[in-house]
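**Student:** here are the coordinates; sequence isn't available:
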C-alpha cells in the first residue's frame, strides 16, 4: 500500500446513508399517521361524526398497510427498496391529501383507509428490513436509529399540526402536510440501496466479509411457516400490537374529556413521541449489548405499566407520564422486531419475513381504535379499554419469557 493510499480518508460507509434515508421516510410517514388523532376533534365537530366514525377509517388504514406488508416485504427483497418507497410516497401523498376534502365517512374510508393505507405499507418494513441487511454486528443500533425517525415524527409533527389547524383549518393543514411529506420522501428514497453487495461492500462497512452463513444464510417464509420460533414471534407481537394504536387515536380526545385545551391534548402525542425516540434508540443499543430477549421483556413490562397509568390518569402531568412510559415501550418493541428476525431467521430474506410477521401480527391492530371508540360511545369512558390493553401486554410478557427460555435450551433452530 502506498503512502498516498494510507493517507486517503475512508469514506463514510453507505449503510449510514441508508439509515439516514430510512429515518427521514419514517419520520414523515409516521408524522402523518400519528397526527391523525389531532384532526379527530376538529373533524368530528365540523362533520358531525361520532368518535367511532372517525376511528373506523384509521382502523381500515392500519389493517390495509399491515396486511400488505407481506407483499411489500417480498417486493423489497426482489426489486429493492427504492422503487417500492417511490410508489409508497406517491400513494401516501395522494391518500392523505384527498382525505382533507371528504364530506362523508365512506369517502374517508376510501382515501385514508385504502389509498393512504396502500402507501403506508411500503414505509416501515422496507426501511427497517433494508437497514437490517446492511448490518450484522451493529444491527440493533442501526435499526434503532432508523426507526427512531417514526417516534421523532410522533414528537414533533402533532404539536405543529395542532398550531397550524388554528390558522389554516384542518383541511388546509392536512393538504399541506400530505404534499410536503410525499415530496421529501421521494428525495430520501434515492439513497436506499437493497444491500451492501450491490455497491461492492460488506455489512457494517467491514473490509473483510463476515462468515458465509452471516452473509448469505436465511430462511424463506415458506420454510418458516410452521416453525416454533416463527409462531412465537407472531403470537407475541399480535398480543401487543392489537391494542397499540389506541393511544395514538384516542389520547388527545381522552385528554380533552379530562378538561385539557386542544393544544395540551395534542401534546400527549408528543409525550409518546419523546418516549418513543428514547425507547427505540436505547432498545437497539441495549439489545446489541445484553441480548434481544432481556430487552424485549423490559419493553413489555413498561407497556403494561403505560396502559395502567393511562387508565388512572386524571390531569396533564399523569397523562404525560403515561404517554412517555407507553412511548418507551412501544418504540422499543417495534425497533426490536427486524434485528430479532435477522438474528433468528437470517439475513437473506429478512424483508419478506419481517413483512409477513407485520402482516399477520399487525393487521389485527385495526380492531383497537374502533373497539376503543365503541367502548367510549357506549360507556363514556376509556378506562376499561386501557385495562384490557394492559392485560394483553402482560400475556405478551409471559409468552416472551417462555420463548426466551426455550431458545436458551434449544440445540439449534430448525424450520
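**Tutor:** Ah, there it is. Nothing here was measured: the structure is a model prediction, and the numbers come from that model.
**Student:** after the helix or strand of the chain with the lowest mean pLDDT, next one along is what?
**Tutor:** Lowest by mean pLDDT, DSSP states H and E among the helices and strands of the chain is helix 3-7, with a mean of 42. Following helix 3-7 in sequence order, the next helix or strand is helix 14-34 (DSSP states H and E).
**Student:** give the buried residues for that following helix.
**Tutor:** Within helix 14-34, the residues that count as buried by 16 or more other C-beta atoms under 10 Å are 14-16, 18-19, 21-34. Any C-beta I mention is one placed from the backbone N, CA and C, and that applies to glycine too.
**Student:** ditto for stretch 259-268
**Tutor:** By 16+ other C-beta under 10 Å, the buried positions in stretch 259-268 come out as 260, 262, 264, 265, 266, 267, 268.
**Student:** could you double-check that the second one sits in contact with residue 253?
**Tutor:** No. Under the criterion of C-beta atoms under 8 Å, residue 262 makes no contact with residue 253, lying 10.4 Å away.
**Student:** what do those two both touch?
**Tutor:** The contact sets of residue 262 and residue 253 overlap at residue 41 (C-beta atoms under 8 Å, 6 or more residues apart in numbering).
**Student:** residue ranges with poor pLDDT in the protein?
**Tutor:** For the chain, applying pLDDT under 70 flags the ranges 1-10, 51, 208-217, 410-415.
**Student:** ok now stretch 229-248, how far from the chain's centre?
**Tutor:** With C-alpha atoms, centre = their mean, to the nearest Å as the basis, stretch 229-248 stands 12 Å off its chain's centre.
**Student:** ok, now stretch 164-172?
**Tutor:** When C-alpha coordinates are averaged (C-alpha atoms, centre = their mean), stretch 164-172 and its chain have centres 26 Å apart.
**Student:** who touches the strand or helix carrying residue 235?
**Tutor:** Here residue 235, judged by DSSP H and E, is contained in helix 228-241. The contact list for helix 228-241 (C-beta under 8 Å, 6+ apart) reads 224, 296, 300, 303, 333, 337, 340-341, 344-345, 353, 357, 360-362, 364-365, 392-393, 395-396, 399-400, 402-403, 406-407, 413.
**Student:** buried members of these into ChimeraX, please.
**Tutor:** In ChimeraX, this line selects whichever of the contacts of helix 228-241 come out buried by 16+ other C-beta under 10 Å:
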select :224,296,300,303,333,337,340,341,344,345,353,357,360,361,362,364,365,392,393,395,396,399,400,403,407,413
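**Student:** which parts of the helix holding residue 235 are buried?
**Tutor:** So for helix 228-241, counting by 16+ other C-beta under 10 Å, buried means 229, 230, 232, 233, 234, 235, 236, 237, 238, 239, 240, 241.
**Student:** mind giving me a markdown table with those and columns for distance to residue 127?
**Tutor:** Formatted as a markdown table, the buried residues of helix 228-241 follow (distance: C-beta to C-beta, whole Å):
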| residue | distance to residue 127 |
| --- | --- |
| 229 | 24 |
| 230 | 22 |
| 232 | 25 |
| 233 | 19 |
| 234 | 21 |
| 235 | 25 |
| 236 | 22 |
| 237 | 18 |
| 238 | 22 |
| 239 | 24 |
| 240 | 21 |
| 241 | 18 |
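**Student:** among the contacts of helix 228-241, which ones are in helices?
**Tutor:** Per DSSP state H, helices hold the following members of those: 224, 296, 300, 303, 333, 337, 340-341, 344-345, 353, 357, 360-362, 392-393, 395-396, 399-400, 402-403, 406-407.
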